[in-house]
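> Fold the following, please.
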Amino acid sequence: MNTRSLCSVLAALLLIGCPDAEGLVVQPDAIDFGAVDAGVQAHASVDLLNFGDDAQVTVSAEPASAGFVLTSPPSLTLPSGEATTLQVSAQSTVAGDAVGTLTVSWADGTIQVPLSATYVLNPLDADRDGHPLPDDCDDSDPAVHPGAMEACNGADDDCDGVVVDEEDEDGDGFIGCEDDCDDGDAAVFPGALEACNGVDDDCDGELPLDEADADADSVLACDGDCDDFDAAVFPGADELCDGLDNDCDGLQPDEEDVDGDGSRICDGDCDDADAEVHPDAVELCDAVDHDCDGDDGLEDGDGDGLAACEGDCDDGEATVLPGADELCDGLDTDCDGLT
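Here you go, the predicted model:
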């Protein structure tokens, strides 16, 4: 509520008369709202002027049952020589004459300003909401009229021709304003069972952790992704030699080092039950392929019954082997290192 200097209202006071004014003065000294359509709010203003000392003022409009309401603050400080404007309204849904009082009080006195109004029924405003036909799109409901707040009730409360989030588009029994977070999907509504689909089916604003696809491999944890933080791990993935269950079948074939020799079958260990057999092992002459190169070292190339590791110094010549007769042919026929 703004105060203003008495100089700004002096001309008006001279017109209406204010002889020997002292203390607080209210102008006009009576308010008649005249004929007011039932349901419509009428407004009036009065000037409060202070010709005395600074004043702490309280203001009230009564009775409320007659529709009179003070729309300005009920208390104020008005300095000497200042003026302010008070606002009061009248509104009722009941036809008839009404009288009341605007009361202004301060330490040195009280002023009562008579209030009056005649509420009349508008035949085009049957619900007495102050909005007659044709603007009121439902003249049987006072909660429905232009400017009304939209409620979640399926009705066009504000008469703008639009009903937002208030129709059950998917027929699941919930409308958008009732927290149906997807009114185009009948399986999505508050309280729905969560399905494994990456959708907030129950509209609680949270997606279950097993539906997040954290590794973006297009497979959800609830769909069998056994490690949703590794994009190389999901059902159907190629099994790698990395110690992981890449295809999520619960198995890690050939990926355990059973014999503890530092090599797994998928690393080339051709016998993971024998710690002396692995790709880096030393080949022995015992009919075992120790270094897993596909050769056990006992191949008898010349068919003389002995392999190279058994002392055959020329496994390409059947006449050369330990114990053979030494011939006069320039060869170490008996493999004793002499010719």
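
> Confirm for me that Leu102 is in contact with Leu48.
No: assessed by Cβ atoms under 8 Å, Leu102 is found out of contact with Leu48, at 10.2 Å. In this view, the C-beta of every residue, glycine as well, is placed from N, C-alpha and C.

> list residues touching both of those two?
In the contact map built from Cβ atoms under 8 Å, 6 or more residues apart in numbering, the residues linked to both Leu102 and Leu48 are 26, 59, 86.

> Now the nearest residue to Gly323 once chain neighbours are set aside: which helix or strand?
On the basis of Cβ to Cβ, 6 or more residues apart in numbering, the spatially nearest residue to Gly323 that is not a chain neighbour turns out to be Asp334, at 6.2 Å. Using DSSP states H and E, Asp334 maps to neither a helix nor a strand.

> Distance check, the residue most central in space within the chain against Phe189.
By Cα atoms, centre = their mean, the mean C-alpha position of the chain lies nearest to Gly205, the distance being 5.5 Å. Gly205 sits 13 Å away from Phe189, taking Cβ to Cβ, to the nearest Å as the criterion.

> anything in contact with each of these two?
By Cβ under 8 Å, 6+ apart, the residues touching both Gly205 and Phe189 are Cys181.

> picking that back up, need the phi and psi values for the residue nearest to Gly323.
phi -100, psi 10 (degrees, to the nearest 10).

> Spit out the contact partners of it.
The neighbours of Asp334, taking Cβ under 8 Å, 6+ apart as the test, are 321-326.

> same deal with Cys177?
Residues in contact with Cys177, defined by Cβ under 8 Å, 6+ apart, are 152, 164-166.

> Got a PyMOL select line for the buried ones in those?
Selecting the buried subset of the contacts of Cys177 in PyMOL, with 16 or more other Cβ atoms under 10 Å as the burial test, is done by:
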select buried, resi 166
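
> Redo the contacts of Cys177 as a markdown table? Include distance to Asp267.
As requested, those are exported to a markdown table (distance: Cβ to Cβ, whole Å):
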| residue | distance to Asp267 |
| --- | --- |
| Cys152 | 65 |
| Val164 | 64 |
| Asp165 | 61 |
| Glu166 | 65 |
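
> For the contacts of Cys177, give me JSON lines that also has pLDDT and secondary structure.
Listed next are these as JSON lines, based on pLDDT from 0 to 100; DSSP: H, G, I helix; E, B strand; the rest coil:
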{"residue": "Cys152", "pLDDT": "86", "secondary structure": "coil"}
{"residue": "Val164", "pLDDT": "77", "secondary structure": "coil"}
{"residue": "Asp165", "pLDDT": "77", "secondary structure": "coil"}
{"residue": "Glu166", "pLDDT": "80", "secondary structure": "coil"}
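
> residues of stretch 258-266 that come out buried?
Using 16+ other Cβ under 10 Å as the test for burial, stretch 258-266 gives 259, 261, 263-266.

> And those, which is closest to Ser92?
Cys266 (89.9 Å; Cβ to Cβ).

> I'd assumed Gly243 was in contact with the closest one.
No: taking Cβ under 8 Å as the definition, Cys266 is not a contact partner of Gly243, at 9.4 Å.

> what touches both of these two?
Residues touching both Cys266 and Gly243 by Cβ under 8 Å, 6+ apart: Glu255.

> hey, what's Ala44 bridged with?
The residues listed as beta-bridge partners of Ala44 by DSSP bridges are Val88.

> Once you drop chain neighbours, what's closest to Gly176?
According to Cβ to Cβ, 6+ apart, the nearest residue to Gly176 is Asp165 (3.1 Å).
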